[in-house]
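[1] heads up, no residue letters with this:
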């Protein structure tokens, strides 16, 4: 078994993919958020590959993922039923899967409830606490009205909540904040974050038969 953390560095990806080829592994489980050229090479060379967290519609390869669009739409519907109509969305730049599906769910919920989509309430940035903090300050500087924030990741939600607090605003009294992924920190943060749980343990177990697939004896 070879476990590799690429740390979002292309040079490390190249190194480990070459190691995979040399070791003649039986299967590959990728948690990459993007389909890179190096991963495309593995598909071309017919290595058994399973994508986790996201599906890749342009490639005929197995994937294990929740329905990100449906989950974010459900989260948005929850906010709308609480009476929120001006809802900001924090996502990532460059926009990539599965964040594109989460944005689509955000838009779909607004349209279904006849709420106009305000592009000025959609913010793009880094998928981290600092990213959420910076995006929230950018939105606040616009002085656009919003009563809730849907962050496409819990780390961004935490950053957004910190920015709101620094601005003297209360969560959820002045502004509701919801996230996505249900990371450990989301349950111990004050106040706790309403979020969508990613069944990551189940994803890992489901990958094994998918990786074996037609190559299994």
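    Structure received. Just so it is clear, the model here is predicted, and its values are computed rather than measured.
[2] Could you list the domains of the protein?
    10-66+201-207, 68-197 (the TED database).
[3] Now do the strands in the chain.
    28-30, 49-52, 63-64, 87-92, 122-125, 148-151, 176-178 (DSSP state E).
[4] By mean pLDDT, show me the worst of those strands.
    Lowest mean pLDDT of the strands of the chain: strand 63-64, a mean of 62.
[5] For residue 163, give me its contacts.
    132, 133, 134, 136, 137, 140 (Cβ atoms under 8 Å, 6 or more residues apart in numbering). For the C-beta atoms, the positions are set from N, CA and C on the backbone; glycine is no exception.
[6] and the gap between the closest residue to it other than its chain neighbours and residue 103?
    Spatial nearest neighbour of residue 163, chain neighbours left out: residue 136 (3.6 Å); criterion: Cβ to Cβ, 6 or more residues apart in numbering. As judged by Cβ to Cβ, to the nearest Å, residue 136 and residue 103 stand 17 Å apart.
[7] More neighbours: which of the two?
    residue 136 (29 against 21; other Cβ atoms under 10 Å).
[8] was I right about that one contacting residue 159?
    Yes - Residue 136 lies in contact with residue 159 (Cβ atoms under 8 Å); the separation is 6.8 Å.
[9] so what's the residue nearest to residue 163 up against?
    Residue 136 touches 90, 123, 149, 159, 160, 163, 164, counting by Cβ under 8 Å, 6+ apart.
[10] Quick one: neighbours of the last one, just the number.
    Here the neighbour count serves as a burial measure; for residue 164 (other Cβ under 10 Å) it reads 22.
[11] Distance-wise, check residue 145 relative to residue 121.
    Relative to residue 121, and taking Cβ to Cβ, residue 145 is found at 9 Å.
[12] Please enumerate the shared neighbours of these two.
    By Cβ under 8 Å, 6+ apart, the residues touching both residue 145 and residue 121 are residue 86.
[13] Have a look at those two and say which one is more surrounded.
    residue 121 (20 against 10).
[14] Chain neighbours aside, what residue packs nearest to that one?
    residue 88 (4.4 Å).
[15] Can you verify my assumption that the one you found contacts residue 150?
    Yes - in this structure, residue 88 is within contact of residue 150 by Cβ under 8 Å, at 7.2 Å.
[16] Please identify which of the two sits among more neighbours.
    Using other Cβ under 10 Å, the more surrounded residue of residue 88 and residue 150 is residue 150, with 31 against 26.
[17] Now do the contacts for that one.
    Contacts of residue 150 (Cβ under 8 Å, 6+ apart): 72, 75, 76, 79, 87, 88, 89, 90, 106, 178.
[18] Look up the residues forming beta bridges with it.
    Assessed by DSSP bridges, residue 150 has beta-bridge partners residue 89, residue 178.
[19] That one and residue 99: what is the separation?
    Relative to residue 99, and taking Cβ to Cβ, residue 150 is found at 12 Å.
[20] do residue 123 as well
    Taking Cβ to Cβ, one finds residue 123 at 12 Å from residue 99.
[21] Need the residues touching each of these two.
    By Cβ under 8 Å, 6+ apart, the residues touching both residue 123 and residue 99 are residue 91.
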